[in-house]
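Undergrad: Pasting the sequence and the predicted model now:
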Amino acid sequence: PSGDSGRIVLKLLEDKGREVIGPASCVLGRLKYEPARKKLENILLDRSSPEREEVGKSIGWIGNKESVPVLIKVLEENDGEGRYGAAWSLGIMEALDALDPLMKAAGSSDRKLSALSIESLGLLKSEKSLPILRSKMKADNNMSTFVVGALVSIPGKEARQLLEEYAEHKDPVIHQPAIQALGQRKDMESVHILLKLLKGRNSEITRMTYLALSSITGEKFRSRNEWINWYVK
């Protein structure tokens, strides 16, 4: 990119309009070209515009929180792809003003909107979102990757305990990402739960548990007895 790229692409967007909305907004967003923000907001608010998801994401890349009210308004629409870009952007912008709308969107029957909103709730790192995350996991196990991914980022005892609960779940769709997530959190309080998992005979759980324990502790043991002896000491 050159110093003129933003200006050139914005002019292209203004001249060509609907023909170039997707790629032009993508470039303007990745360049974080602030002079294009108002133009992109107006395009996003026009429900007849094509490629509104990409436009919504471009506003998130620019990252000016003055755009948050516009993104929330779009997120709260009853339908349309603009909601997807808005949900994603509100997360990467860490827009705490959007916590309630994102929690509502996370409960949507639209799987893509729900998944994007759950990911954004993780980026907001608020314990207030834990009830909707628990509810979504209970309603649809296939959302486990997104729920667990959000829980990794949310601080506090309750989020950790939810992950520990999921790590002990019988369904591998739930316990596999949860065990990995405990390793990512690196919380020593979870070591006793991971050691408990080593009592089983599932080789895949054992392998994942060793990796999680190593991530948390920095130790590299490869047998249950070694881990227990280390823990006792």
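TA: Everything's here; your move.
Undergrad: For the rest of this, base every contact and every neighbour count on C-alpha atoms.
TA: Noted.
Undergrad: buried ones in the helix or strand hosting residue 119?
TA: Counting by DSSP states H and E, the element that carries residue 119 is helix 111-124. Along helix 111-124, these residues count as buried under the neighbour rule (16 or more other CA atoms under 10 Å): 113, 114, 115, 116, 117, 118, 119, 120, 121, 122, 123, 124.
Undergrad: unless I'm mixing things up, the second one is touching residue 108, no?
TA: Yes - between residue 114 and residue 108 a contact is recorded at 5.5 Å, counting by CA atoms under 8 Å.
Undergrad: Give me the contacts around the helix holding residue 119.
TA: Helix 111-124 is contacted from outside by 83-84, 87-88, 90-92, 94-96, 99, 102-103, 105-108, 129, 133, 143, 146-147, 149-154, using CA atoms under 8 Å, 6 or more residues apart in numbering.
Undergrad: what about the residue nearest to residue 33 when sequence neighbours are not counted, neighbour count?
TA: Counting by CA to CA, 6 or more residues apart in numbering, residue 6 is the residue found nearest to residue 33 once chain neighbours are left out, at 5.8 Å. Applying other CA atoms under 10 Å, we find 22 residues neighbouring residue 6.
Undergrad: cool, and residue 224?
TA: Per other CA under 10 Å, the neighbour tally for residue 224 reads 16.
Undergrad: For the nearest residue to it once chain neighbours are set aside, give me its contacts.
TA: Counting by CA to CA, 6+ apart, residue 198 is the residue found nearest to residue 224 once chain neighbours are left out, at 6.4 Å. By CA under 8 Å, 6+ apart, the residues touching residue 198 are 205, 206, 209, 224.
Undergrad: what residues are up against the second one?
TA: With contact taken as CA under 8 Å, 6+ apart, residue 206 is in contact with 197, 198, 200.
Undergrad: and of those, the nearest to residue 139?
TA: The nearest member of the contacts of residue 206 to residue 139, counting by CA to CA, is residue 197 at 24.9 Å.
Undergrad: Distance check, the closest one against residue 165.
TA: Separation of residue 197 from residue 165 (CA to CA, to the nearest Å) stands at 11 Å.
Undergrad: try residue 129
TA: 17 Å.
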